[in-house]
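>>> Pasting a predicted model and its sequence here:
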Amino acid sequence: MKIGIITGASSGIGREFARQMEYFYQTLDEIWVIARRKEKLLALSAQIRVPVRIFNGDLTEKEIYTELSNLLETEKPDIRMLVNAAGFGKSGNAEDIRRKEAGCQSRMIDLNCRALTEMTFVCLPYMSAGSRILNIASAAAFCPQPGFAVYAATKAYVLSFSRALGEEVKNRRIYVTAVCPGPVDTEFFETAGRPESFLKEKVMAEAPQVVRKALLDSRARKSLSIYGLPMKGAQIAAKVLPHRLVLKLEQIGRK
């Protein structure tokens, strides 16, 4: 049985991957979707032609991994694609966030980093030649971001982990792509807060276009998927300019 697995599938980029995956892999037997909001997953399953199997659970708790591991061991499917899309962010001064929402930033690290890593290692034994892993990072991974400090740091982890893992599994012909969009118009900002930077508002992208490019880049075996010229420019700037200058430009953009 050939399957795709998507975390964070109840909304935003994860939901859009579920909608588009069946066209990318037309031989899939099932798509397995994972998120906390079961009602959203049920609504999603009605929009997809491929049979959908729902896993309703919290990726920061061990129960969901036990359930998934047991089922994988029993059914031994061929995982053709894993999309790690679960994650959240919170904008604002890091110390202020800690005062207002105790534990928020620790949960962010748990979901954005630990859960993504654990899900990857649970799934890897069931992946074969030609399988893909897409890890949703962010353009925030390219350099530190005051006002988004912990979130940007978690996405830097995702980017680094994806690149290193891609080298480790390439001899198995498994391809890892880190997806690094800029701001995407999704429910993400209901939790994170709207961007303080007028530049981020100007370059806001739509989820369907970001996901389509990510799938095409994955098909092309690219290690990095960046949607839009502004974000590609941001990546180049983060490489060639001193971080001190990049941080100053970010501060100007927030005014």
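Great, that's in hand.
>>> where do the strands sit along this protein?
2-7, 30-35, 52-56, 78-84, 132-136, 175-179, 224-225 (DSSP state E).
>>> Redo those strands as CSV? Include mean pLDDT and mean neighbour count.
(Each C-beta comes from the backbone N, C-alpha and C, glycine too.) Formatted as CSV, those follow (pLDDT from 0 to 100; neighbours: other CB atoms under 10 Å):
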stretch, mean pLDDT, mean neighbour count
strand 2-7, 98, 24
strand 30-35, 97, 24
strand 52-56, 96, 18
strand 78-84, 98, 24
strand 132-136, 98, 26
strand 175-179, 98, 26
strand 224-225, 97, 20
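>>> can I get the ones you listed in CSV with distance to residue 102?
Below are the strands of the chain laid out as CSV (distance: least, CB to CB, whole Å):
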stretch, distance to residue 102
strand 2-7, 25
strand 30-35, 24
strand 52-56, 26
strand 78-84, 26
strand 132-136, 26
strand 175-179, 31
strand 224-225, 35
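>>> For residue 242, find the nearest of those strands.
strand 224-225 (22.2 Å; CB to CB).
>>> Name every strand pairing with the closest one and say which way it goes.
Applying DSSP bridges to the sheet, strand 224-225 is found paired with strand 175-179 (parallel).
>>> distance between the strand it pairs with and the chain's centre?
Centroid separation for strand 175-179 versus its chain: 10 Å, with CA atoms, centre = their mean, to the nearest Å.
>>> and the residue most central in space within the chain, how far is that from residue 118?
With distances taken as CA atoms, centre = their mean, residue 136 lies nearest the centre of the chain, 2.2 Å away. Going from residue 136 to residue 118 by CB to CB, to the nearest Å gives 15 Å.
>>> Which stretches in the stretch 1-150 of the chain count as helices?
12-24, 38-45, 63-75, 94-100, 104-109, 116-123, 149-169 (DSSP state H, counting those that start in this stretch).
>>> Same question for the stretch 151-255 of the chain.
Going by DSSP H, counting those that start in this stretch, the stretch 151-255 of the chain shows helices at 188-192, 198-202, 207-219, 229-240, 243-253.
>>> Could you export stretch 53-61 as PDB, CA atoms only?
Taking Å, rounded to 0.1, in the frame of the first residue of the first chain, the C-alpha atoms of stretch 53-61 are listed here in PDB:
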ATOM      1  CA  ARG A  53      -7.200   7.900   7.300                       C
ATOM      2  CA  ILE A  54      -7.500  10.300  10.200                       C
ATOM      3  CA  PHE A  55      -5.200  10.400  13.200                       C
ATOM      4  CA  ASN A  56      -6.600  12.800  15.800                       C
ATOM      5  CA  GLY A  57      -3.900  13.700  18.400                       C
ATOM      6  CA  ASP A  58      -1.400  16.100  19.800                       C
ATOM      7  CA  LEU A  59       2.100  15.800  18.300                       C
ATOM      8  CA  THR A  60       3.700  17.000  21.500                       C
ATOM      9  CA  GLU A  61       2.300  13.900  23.300                       C
END
